[in-house]
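Colleague: predicted model and sequence below, questions to follow.
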Amino acid sequence: MEASDFDILIVGAGSAGCVLAARLSEDPAIRVGLIEAGPPDKSVLIHCPAGLALLAQTGGANWAFETVPQPGLNGRRGYQPRGKVLGGSSSVNAMIYARGHRADYDAWAAEGNPGWSFDEVLPWFKRAEHNERGADAFHGTGGPLNVADLRSDATWRDRFTQAGVQAGYPHNPDFNGAEQEGFGPYQVTHRNGERFSAAKAYLTPNLSRPNLQVLTGVQVLRVRFEGRRAVGVDVRMGGTERTLKARREVILSAGALQSPQLLMLSGVGPGAHLQALGLPVLHDLPGVGRHLHDHIDVVQVVDAPGHHDLFGLSLAGAARALRGIFEWRRHRTGLLTTNFGEGGAFMRSTPGEPVPDLQLHFVVGKLVDHGRKTVFGHGYSCHVCVLRPKSRGSVTLASTDPLAAPLIDPAFLSDDDDTARLVRGFKLMRQILGQPALAQYGGREVAASAAAQTDAQIEAYVRQHADTIYHPVGTSRMGPSSQAAAGGSVVDAELRVHGLQGLRVVDASVMPQIVGGNTNAPTIMIAEKAADLIRRGHP
């Protein structure tokens, strides 16, 4: 197959792109091209679950974006890691499998997106999944994506769950079952003690298909149009520019930060913004890049000296890590099978909340600055994030250079409700970490946060330390065509870009509202559903 001879071109080999490439190429009559700017997923740091700690420090396989200065965060620039490798962010994330709450999807449907209620999307969640616990009303087996319980030692995540129960919350062994609320362990996208990214689940088994071509190290510059129909993409490949053509469709799966960037570079987006940069306006679509939102999160760190069964830098910790390396290499078990964020919770910041509005991630190590900062000694950490933030920001172009990073402005804590919820969440998290199940082991909250006791002091701490927990969405928002002119939507319920032909967006950017949980599993579901929509449209 020639590199320019495709029926469907998919831009971005992240979670959505890998699903689409695998599912669409199941039909041998469809020639599929999958384009990824990053390299193949060969690094052992990707496949060894605990390798994510070194990936964070080295910046490997990562676009490593930053936000513009955030007034709500005392003018700080936030970190925005995004996967730049086959598998995208599913190759560098913490591997947590969480779908969100039933009410999230019902709200999508209620906003004018037929087919996206929870009962309607559940079959695609189940089709994607092979849950090692077995199938039931909420889980599937036999799907490409392996979902498993952690193989690492459960001692500390069980203590965290017990602390939540002592604080009066329910124990919940399955956050993706009938009820989301409660404390328990996270299931993860692992298989046989290794990370099981979207690339390993969907792409690797199908690379030999003659109708599927995967192009790595290729930067897409813009979508090419004939009239108002997308017919291909311009790319930089091997140091030269060329055009790859698509007879049927171009699908953007570059994520919530780069799919809108590509639309704007192609002349599709807010007309005034494009004109100000000297870009010709093919289609004035003001919602492109708007409605950016993300889970804002803050971490509490606890020193636990002498507890060498927690991750940390010390002679004892180094010896334990060395033993863990040998065990993982021989048996794919033990210390290095951790995802660090081993346990968690979904909880309500006040009793009157209709559904959980906070999520906790319990980390079996001292986490500072997204794991990029070296911290000596042993301890544990806990995140709290606001599940349905009201703050809304944007992605815009910094320049007409396709290789320049976009301007990312999540507008964190621009809505006072988000700040109030995060302050309440921090106080609840402190209460939970203070329960006997954890407190009996002598841990001490580090001074930076321990000094924050009043609401005003906690808010000041939050503004100085909060940041993303890596779930940007909303910048190519799904909604009816009647909302497009006012900037309320970019794609319809079949993920087709309003006002154009042959162009879809399939990734987290289409979420009308963020889900109340981690976004990887929902993104895979979106792509599974999209693949069926596309095949129905091209019988």
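Modeller: Thanks, I have the structure now.
Colleague: list the contacts of the helix or strand containing residue 359.
Modeller: For residue 359, the element it lies in under DSSP states H and E is strand 358-363. For strand 358-363, the external contacting residues (C-beta atoms under 8 Å, 6 or more residues apart in numbering) are 94, 96, 156-157, 160, 183, 186, 295, 299, 340-349, 380-387, 421, 424-425, 428-429, 432, 469, 516-517. Placement of C-beta: from N, CA and C, glycine included.
Colleague: which residues in the stretch 251-400 of the chain form helices?
Modeller: Secondary structure of the stretch 251-400 of the chain by DSSP state H, counting those that start in this stretch: the helices cover 255-265, 271-276, 315-331.
Colleague: so, low pLDDT: which residues of the chain?
Modeller: Applying pLDDT under 70 to the chain flags residues 1-4, 538-539.
Colleague: could you rerun that using 50?
Modeller: 1-2 (pLDDT under 50).
Colleague: longest strand in it, by residue count?
Modeller: strand 240-252 (DSSP state E).
Colleague: so it versus helix 255-265, what angle?
Modeller: Per axes from the mean of the first three to the mean of the last three C-alpha atoms, to 10 degrees, the angle that strand 240-252 makes with helix 255-265 is 120 degrees.
Colleague: parallel or antiparallel, list what pairs with strand 240-252.
Modeller: strand 5-11 (parallel), strand 229-237 (antiparallel), strand 503-505 (parallel) (DSSP bridges).
Colleague: now those as a markdown table including mean neighbour count and distance to residue 221?
Modeller: A markdown table is the format used below for those (neighbours: other C-beta atoms under 10 Å; distance: least, C-beta to C-beta, whole Å):
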| stretch | mean neighbour count | distance to residue 221 |
| --- | --- | --- |
| strand 5-11 | 24 | 11 |
| strand 229-237 | 20 | 5 |
| strand 503-505 | 27 | 16 |
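Colleague: could I get those strands as a markdown table with distance to residue 208?
Modeller: As requested, these are exported to a markdown table (distance: least, C-beta to C-beta, whole Å):
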| stretch | distance to residue 208 |
| --- | --- |
| strand 5-11 | 18 |
| strand 229-237 | 22 |
| strand 503-505 | 26 |
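Colleague: of all those, which one is nearest residue 70?
Modeller: Nearest of those to residue 70, taken as C-beta to C-beta: strand 503-505 at 25.8 Å.
Colleague: okay, buried residues for whichever helix or strand comes after that closest one please.
Modeller: Elements were assigned by DSSP H and E; along the chain past strand 503-505, the next helix or strand is helix 520-537. Buried positions in helix 520-537, judged by neighbour count with 16 or more other C-beta atoms under 10 Å: 520-531, 534.
Colleague: and the helices of the stretch 251-400 of the chain: which comes nearest residue 457?
Modeller: helix 315-331 (32.3 Å).
Colleague: what does the closest one contact?
Modeller: So helix 315-331 is contacted by 48, 50, 193, 308, 309, 311, 333, 334, 335, 336, 337, 378 (C-beta under 8 Å, 6+ apart).
Colleague: hmm, which of the residues you listed are the buried ones?
Modeller: The neighbour count (16+ other C-beta under 10 Å) marks 48, 50, 193, 309, 311, 334, 335, 336, 337, 378 as buried among these.
Colleague: show me the residues you listed that map onto strands.
Modeller: Short answer: the buried ones among the contacts of helix 315-331 in strands (DSSP E) are residue 378.
Colleague: ok, so of the buried ones among the contacts of helix 315-331, who is nearest residue 225?
Modeller: residue 48 (43.2 Å).
Colleague: what sits against the closest residue to the closest one other than its chain neighbours?
Modeller: Excluding the flanking residues, the one nearest residue 48 by C-beta to C-beta, 6 or more residues apart in numbering is residue 336, at 5.5 Å. Residue 336 makes contact with 48, 49, 50, 51, 152, 321, 324, 325, 327, 328 under the criterion C-beta under 8 Å, 6+ apart.
Colleague: so the first one sits right up against residue 195, yeah?
Modeller: Just to be clear, that refers to residue 48. Yes: at 7.3 Å, residue 48 counts as touching residue 195 under the criterion of C-beta atoms under 8 Å.
Colleague: just want the angle from the longest strand of the chain to helix 520-537.
Modeller: Computed by the same axes, to 10 degrees, the angle between strand 240-252 and helix 520-537 is 90 degrees.
Colleague: give the buried residues for strand 240-252.
Modeller: Buried, per 16+ other C-beta under 10 Å, within strand 240-252: 244, 245, 246, 248, 249, 250, 251, 252.
Colleague: what of stretch 136-148?
Modeller: For stretch 136-148, by 16+ other C-beta under 10 Å, it's 139, 140, 143, 144, 145, 146, 147, 148.
Colleague: and which of these is nearest to residue 406?
Modeller: For the buried residues of stretch 136-148, the nearest to residue 406 is residue 145 (29.2 Å; C-beta to C-beta).
Colleague: wait, what's in contact with the closest one?
Modeller: Residue 145 neighbours (C-beta under 8 Å, 6+ apart): 128, 129, 130, 189, 196, 198, 201, 202, 524.
Colleague: what do you get for residue 225?
Modeller: So residue 225 contacts 231, 266, 267, 282, 500 (C-beta under 8 Å, 6+ apart).
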